[in-house]
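Trainee: What follows is a predicted protein model with its sequence.
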Amino acid sequence: MRRLAAVVLTGTALLSGCSTEGDSGDPLQVANSLEPARPAVSPAQPGTPDGAVLPLGRATAVAVAGGRVAVAVAEPPSVLLYPLDTLADPVVVPLPGPAERLTALDGAVEAPVPGSGVVVTVRADGTATRREVAGGPVDVAVVGGRTVVARRDARLVDVDDRAVTGVSSPDQVVGVGDEAVVLDRPRSAVFDLRLSADPDPDRSGPRLGAGLRAGDGATSMVADRFGRVFVVDTRGGELMAFSVDPLIMRQRYPVPGAPYGIAYDRQRDLVWVTLTGLNQVVAFDVAGGEPVEKHRYATVRQPDSVAVDPGSGRVFVASGDGQGMQVIGT
């Protein structure tokens, strides 16, 4: 209880002090002179990874959708679709460039390709369509039936055909009910993106709401079924939980080892976090008042990405160093 109270007071102080983009007094300016936090350069793996490992090139993202495990690889840029039942003979879908993230939506995966200015929708049967999205698209979400696209280079978040400004580097977006949260890595901050109607006619339409600092080097986030957003602080070694409407930090839990990749198993209320400094993946039960560690496994080297099959509970860890995709049956 003492930990939670301290967190809420800290979050409230940041909320009340938040100001707009360009204000020299903005407490959410770039966290420090360092680059945005990145995964640690993993050490050599001294033992054998748990589970099975499928050979694979350098992976940039992994997701589960439509009865497939989708893995984005950098060379050549493509998405590999592995059937969940066999994990063999993947369908290869070429991309015009590397995808930083894969988002599972309606049985397909969205693959934003920032360097090429397109978002590619990859379906379970291997067919794909692309749409032009200028300004470095890096993430896609559907929130309350509305398509939200984070465009890092343009410093915009698109909500359908409306552009929302105010985030200097929109690096990821997740939906929480009918609202969204945007992650800004250089500022190590999260922002409330208001999509619902406002009784004030001057504030109608999507708009940026409050912003809160999220540790020293936040890199990834995921939403759970309780309306919370979990954020990993890679530089500070923490797992943080935020509620929305209003945006408040509720928990911060130490997770040593340069946490980076994150995934949520909504059937079991487990948040899986990869530890790039240790070559491990750890699962926390988040159904209660604070995270409780339930599983910990040795991984492939450079475990930058993780995904979960909600049906079986199997975990897929993809190596950013070309060491393959690991399959862990829990």
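Mentor: Alright, I've got the coordinates. Source: prediction; values computed, not measured. Numbers count the residues shown, from 1 in each chain.
Trainee: all helices in this structure, in order from the N-terminus.
Mentor: 2-17 (DSSP state H).
Trainee: Output the below-cut-off pLDDT ranges for it.
Mentor: Filtered on pLDDT under 70, the chain yields the residue ranges 1-34, 197-204.
Trainee: go again using 50 as the cut-off
Mentor: 1-25, 33 (pLDDT under 50).
Trainee: wait, doesn't residue 172 sit right on residue 220?
Mentor: Yes: with contacts counted by C-beta atoms under 8 Å, residue 172 reaches residue 220, the gap being 6.8 Å. C-betas here are computed from N, CA, C, even on glycine.
Trainee: any common contacting residues for the two?
Mentor: With contacts taken as C-beta atoms under 8 Å, 6 or more residues apart in numbering, residue 172 and residue 220 have residue 183 as neighbours in common.
Trainee: Between the two, point out the one with more neighbours.
Mentor: residue 220 (27 against 24; other C-beta atoms under 10 Å).
Trainee: roughly how far apart are the nearest residue to residue 59 once chain neighbours are set aside and residue 102?
Mentor: Excluding the flanking residues, the one nearest residue 59 by C-beta to C-beta, 6 or more residues apart in numbering is residue 318, at 3.6 Å. Counting by C-beta to C-beta, to the nearest Å, the separation of residue 318 from residue 102 is 10 Å.
Trainee: tell me, what's touching those two both at once?
Mentor: 61-62, 71.
Trainee: measure the residue lying closest to residue 270 once chain neighbours are set aside to residue 239 for me?
Mentor: Counting by C-beta to C-beta, 6+ apart, residue 270 lies nearest to residue 283, which is 4.5 Å off, once chain neighbours are set aside. Going from residue 283 to residue 239 by C-beta to C-beta gives 11 Å.
Trainee: Same question for residue 178.
Mentor: Distance of residue 178 to residue 239, given as C-beta to C-beta: 25 Å.
Trainee: again, but for residue 82
Mentor: Residue 82 sits 28 Å away from residue 239, going by C-beta to C-beta.
Trainee: re the thing from before, neighbour count for residue 318 and residue 102, which is higher?
Mentor: Using other C-beta under 10 Å as the criterion, residue 318 and residue 102 rank with residue 318 on top: 31 against 26.
Trainee: May I have stretch 306-320 exported as CSV, CA atoms only?
Mentor: Output in CSV follows, covering the C-alpha atoms of stretch 306-320 (Å, rounded to 0.1, in the frame of the first residue of the first chain):
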residue,chain,number,x,y,z
VAL,A,306,7.5,-11.5,-27.5
ALA,A,307,3.9,-12.6,-28.3
VAL,A,308,1.4,-15.0,-26.7
ASP,A,309,-1.1,-17.3,-28.2
PRO,A,310,-4.2,-16.6,-26.0
GLY,A,311,-5.6,-20.1,-26.7
SER,A,312,-2.8,-22.3,-25.7
GLY,A,313,-0.8,-19.9,-23.6
ARG,A,314,2.3,-20.6,-25.6
VAL,A,315,4.9,-17.9,-25.7
PHE,A,316,7.0,-16.8,-28.8
VAL,A,317,10.2,-14.9,-28.3
ALA,A,318,11.9,-13.6,-31.4
SER,A,319,15.6,-12.8,-31.4
GLY,A,320,16.8,-9.5,-32.8
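Trainee: Return the residues in contact with residue 141.
Mentor: Contacts of residue 141 by C-beta under 8 Å, 6+ apart are 103, 105, 147-148, 173-175, 180.
Trainee: at 7 Å what do you get?
Mentor: 103, 148, 173-175, 180 (C-beta atoms under 7 Å, 6 or more residues apart in numbering).
Trainee: most surrounded residue in the residues you listed?
Mentor: residue 180 (29 neighbours).
Trainee: Please name the nearest non-neighbouring residue to that residue.
Mentor: residue 193 (4.1 Å).
Trainee: Kindly state the beta-bridge partners for that neighbour.
Mentor: Beta-bridge pairing for residue 193 (DSSP bridges): residue 180, residue 208.
Trainee: May I ask you to confirm that it is in contact with residue 163?
Mentor: No: with contact defined as C-beta atoms under 7 Å, residue 193 does not count as touching residue 163 (11.9 Å).
Trainee: higher neighbour count, those two?
Mentor: Neighbour totals were compared for residue 193 and residue 163, and residue 193 leads with 29 against 15 (other C-beta under 10 Å).
Trainee: OK, contacts around the more buried one?
Mentor: Contacts of residue 193 (C-beta under 7 Å, 6+ apart): 157, 164, 179-182, 206, 208-209.
Trainee: So which of the residues you listed wins on neighbours?
Mentor: When neighbours are counted by other C-beta under 10 Å, residue 180 leads those with 29 neighbours.
Trainee: Show the contacting residues for it.
Mentor: Taking C-beta under 7 Å, 6+ apart, we find residue 180 in contact with 141, 143, 148, 173-174, 193, 195.
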